[in-house]
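>>> sequence first, then the predicted structure:
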Amino acid sequence: MPSSGKPRVRFAPSPTGYLHVGGARTALFNWLFARHEGGMLLLRIEDTDVERNRPELVEGILEGLRWLGIDWDEGPLFQSRRLPLYREAAERLLASGAAFACYCKAAAYSGADAPEEQEGEGDDEEPKVTRALPCLCRDLSDTERSARQREGMPRAIRFRVPRTDRTGFEDAVFGPRQVENAEIEDFVLLRSNGLPTYQLSVVVDDLDMRITHIIRGADHLSNTPKQVLIYQALGARPPVFAHVPLILGPDRTRLSKRHGATSVGSYAEEGFLPEAFRNFLALPGWSPGDDSEFLRTAEIIQRFSLSGVSRTNAIFDRPKLEWFNTQYLQKLPVEELLPYAEAELKRAGLWEGSRASRDRAWFRQAVDLIRPRTRLLGDFTDWARAFFTDGFGYDTEAREKFWKQEHLPAMLGALAEALAALPEWNHDACEAALRGLAAAEGVKAGLLINATRVAIVGRAVAPPLFDTMVVLGRERVLDRLRRAIPLLGNPPPEG
RNA sequence: GGCGAUAUCGUCUAAGGGUUAGGACGUGGCCCUCUCAAGGCCAAAAUCCGGGUUCGAAUCCCGGUAUCGCUACCA
């Protein structure tokens, strides 16, 4: 089969939950590989498990991918709409003798830590057989088989795994792998309800979609020999496998709801920047080979390679994610940040009618001033609220800490006058006015500065005062000073 | 239980026979300072254990242990 030489990879989530961190990382690696190589990324929805499948979750997964900036070139393709393909493949394997019909009762899975054996306690109530015993249907004679078929017994199709030899493949991350065929059970290809199992559908689709590299979680490593067996039985050459290590929770167990936020959607809501999240997500399990960590997406794409993928599971490191976010919040060109800040303000209802919405240059200036101390996007509407609206309150702790001095009302009144009289409104003029007043009153400038800050933005946590004054503008500063004076020294209202 | 993979500071990782085992997050301290951040400097912090090969092992080999994965008519 002639190939164009350009790799084709796929991300194949099953809609049994939201897009979680692990899946997102797998998707990201596929995407990075495809973009690095100039190849194609396909999106395939593996929805063959009617029991657990929830179609309404598909849109959420796509949304998560879009938020992450992971775009795909083909799909989404749904396995549930390709059922005849799998049946046909199963029939073909049956006909060639590579598979056999199995009439056994389907054994329900009893959970990962179901008791394996009983302790010989003497109770011989129906022993739970959880171990897959070798299936006798494998050796059914033709007459036995047709008898069962005549009876209309439900039938599954199992792969006839060779009893001898070994099956091997080369993993781009884990290296050469060999497994004794005797260790592999006669696994099911087609369930008695006619739906394919993962092992079958994944091979049929990867073949049909001409996938060249299968990049997926290392939890699939152990099952890969089964798939190699299917490829061989179908007369096909397996693609390149590249298994990537798993991301675990802080307790070293697989990441799950138990660990709090694990869906990428929750990180979007929390106010993480997609690119920061991407940068963070690229690093566990992959390294560019040197010490660089702050890597913009274009650079990650340029440097990504399967040879940089590690073989050890990594623990999800939330503090580092936050660090990445603060880095992006600070280092990105302001212009890139504006759309995010705007969306945030809209979300908080602070955008309409605001100066930010009318005056782009001012908005840029404000965002640039605020961003060094933002950690999440929500900070633009949280502590920085006063930059975008007059409707803000005064932080209780800030009042208690900085509004204690009894002469403050008089001094701030005097400050307002001095500021009003300034011929020009700029950083140095404001500073000179305030420091001059402090000197005249015989108080430390810091006292006035901190009190003024609380008065004009309601918070102790804010950018440097004189920069803040410039951005707010004289009118607002004076209004807010005058508004705050009556409140000074009064205890903050309870509740 | 069986089979497999993996093992470097608390976390993510670099070093792939010779380095004072490097960087980053986090932690502590100092500087800057107008609050809070950011930034700068400094510090504590690791080669899972035991054998072997070698002049020399984090690195190669063997054993143990731990962790994770698979062992489903889940994916």
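Yep, it's here. Residues are numbered from 1 along each chain as shown, chains lettered A, B, ... in the order given.
>>> where does the residue nearest to A:Glu63 when sequence neighbours are not counted land in three-state SS?
In space, and not counting its chain neighbours, A:Glu63 is closest to A:Gly265: 6.9 Å by C-beta to C-beta, 6 or more residues apart in numbering. (Glycine included, C-beta is placed from N, CA and C.) Three-state call for A:Gly265 (DSSP: H, G, I helix; E, B strand; the rest coil): helix.
>>> can you report how many residues lie near A:Gly265?
Close neighbours of A:Gly265, defined as other C-beta atoms under 10 Å, add up to 17.
>>> pLDDT score assigned to it?
Per-residue confidence (pLDDT) for A:Gly265: 92.
>>> was I right about it contacting A:Gly17?
No. If you go by C-beta atoms under 8 Å, A:Gly265 and A:Gly17 don't touch, sitting 11.2 Å apart.
>>> I'd like the distance between the closest residue to A:Ala343 other than its chain neighbours and RNA strand B.
Leaving aside its sequence neighbours, A:Ala343 sits nearest to A:Leu377 (C-beta to C-beta, 6+ apart; 7.9 Å). Distance, A:Leu377 to RNA strand B, by C-beta to the nearest atom of the strand, to the nearest Å: 14 Å.
>>> how near is A:Leu377 to A:Ala348?
With the distance defined as C-beta to C-beta, to the nearest Å, A:Leu377 ends up 10 Å from A:Ala348.
>>> neighbour count for the two, which is higher?
Neighbours per residue (other C-beta under 10 Å) separate A:Leu377 from A:Ala348, with A:Leu377 holding more: 23 against 15.
>>> verify the stated contact: that one with A:Lys346.
No. Using C-beta under 8 Å, A:Leu377 makes no contact with A:Lys346, being 11.7 Å away.
>>> hang on, the earlier thing: and the residue nearest to A:Glu63, how far from A:Leu281?
14 Å.
>>> same thing with A:Gly60?
For A:Gly60, the distance to A:Leu281 - C-beta to C-beta - is 18 Å.
>>> skip the chain neighbours and tell me the closest residue to A:Arg52.
A:Arg52's closest residue in space is A:Thr16 (C-beta to C-beta, 6+ apart), at 4.6 Å.
>>> pull the number of nearby residues for A:Leu352.
Just to correct that, residue A:352 is Glu rather than Leu. A:Glu352 has 8 nearby residues by other C-beta under 10 Å.
>>> which residue packs closest to it, ignoring adjacent ones?
A:Lys346 (7.8 Å).
>>> need the next SSE after the host helix or strand of that neighbour, C-terminal direction.
Using DSSP states H and E, A:Lys346 sits in helix A:334-347. Counting by DSSP H and E, the next helix or strand C-terminal to helix A:334-347 is helix A:355-358.
>>> tilt between the next helix or strand after that following helix and helix A:334-347?
Next helix or strand after helix A:355-358 toward the C-terminus (DSSP H and E): helix A:360-370. Orientation of helix A:360-370 against helix A:334-347 (axes from the mean of the first three to the mean of the last three C-alpha atoms, to 10 degrees) gives an angle of 90 degrees.
>>> identify the residues contacting the residue nearest to A:Glu63.
By C-beta atoms under 8 Å, 6 or more residues apart in numbering, the residues touching A:Gly265 are A:18-19, A:60, A:63-64, A:67.
>>> from those residues, which is closest to RNA strand B?
The nearest member of the contacts of A:Gly265 to RNA strand B, counting by C-beta to the nearest atom of the strand, is A:Leu19 at 12.8 Å.
>>> surely that closest one meets A:Ile61?
Yes. In this structure, A:Leu19 is within contact of A:Ile61 by C-beta under 8 Å, at 4.5 Å.
>>> list the residues that contact both of these two?
Common neighbours of A:Leu19 and A:Ile61 (C-beta under 8 Å, 6+ apart) are A:Pro13.
>>> give me the three-state assignment for A:Pro76.
A:Pro76 ends up strand, using three-state DSSP.
>>> return the residues in contact with it.
A:43-45, A:58, A:62.
>>> switch the cut-off to 7 Å
Contact partners of A:Pro76, counting by C-beta atoms under 7 Å, 6 or more residues apart in numbering, are A:43-45, A:62.
>>> in CSV: the residues you listed, plus distance to RNA strand B and pLDDT.
Below are those laid out as CSV (distance: C-beta to the nearest atom of the strand, whole Å; pLDDT from 0 to 100):
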residue, distance to RNA strand B, pLDDT
A:Leu43, 13, 97
A:Arg44, 9, 97
A:Ile45, 9, 96
A:Leu62, 16, 96
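>>> how about JSON lines for those, with neighbour count and secondary structure added?
JSON lines is the format used below for these (neighbours: other C-beta atoms under 10 Å; DSSP: H, G, I helix; E, B strand; the rest coil):
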{"residue": "A:Leu43", "neighbour count": "21", "secondary structure": "strand"}
{"residue": "A:Arg44", "neighbour count": "24", "secondary structure": "strand"}
{"residue": "A:Ile45", "neighbour count": "23", "secondary structure": "strand"}
{"residue": "A:Leu62", "neighbour count": "18", "secondary structure": "helix"}
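>>> by mean pLDDT, which helix or strand of chain A comes out lowest?
None of the helices or strands of chain A scores lower by mean pLDDT, DSSP states H and E than helix A:142-150, at a mean of 83.
>>> looks to me like A:Ala236 is in a strand.
No. A:Ala236: not assigned to a strand; according to three-state DSSP it is coil.
>>> is it true that it touches A:Leu207?
Yes. The pair A:Ala236 / A:Leu207 is scored as a contact, 5.5 Å apart, by C-beta atoms under 7 Å.
>>> neighbour count winner among these two?
A:Leu207 (18 against 14).
>>> from A:Phe272, how far off is the residue nearest to A:Glu352?
18 Å.
>>> next one: A:His407
Relative to A:Phe272, and taking C-beta to C-beta, A:His407 is found at 45 Å.
>>> more neighbours: which of those two?
Using other C-beta under 10 Å as the criterion, A:His407 and A:Phe272 rank with A:Phe272 on top: 24 against 14.
>>> for that one, which non-adjacent residue is spatially closest?
Counting by C-beta to C-beta, 6+ apart, the residue nearest A:Phe272 is A:Asn325, at 5.2 Å.
>>> quick one: the one you found is in a helix?
Yes. With three-state DSSP as the criterion, A:Asn325 is part of a helix.
>>> burial of it, as a residue count?
Counted with other C-beta under 10 Å, A:Asn325 comes out at 24.
>>> secondary structure element for A:His243?
strand A:240-244.
>>> which neighbouring elements make contact with that strand?
Strand A:240-244 sits against strand A:166-171, strand A:213-217, with contacts defined as 3 or more C-beta pairs under 7 Å, 6 or more residues apart in numbering; DSSP states H and E.
>>> return the most buried member of these.
strand A:213-217 (a mean of 22; mean count of other C-beta atoms under 10 Å).
>>> contact residues of the stretch 351-495 of chain A facing RNA strand B?
Residues of the stretch 351-495 of chain A found near RNA strand B (C-beta under 7 Å from any atom of the strand) are A:372-373, A:375, A:431, A:445-446, A:449-450, A:453, A:460-467.
>>> thanks a lot, catch you later.
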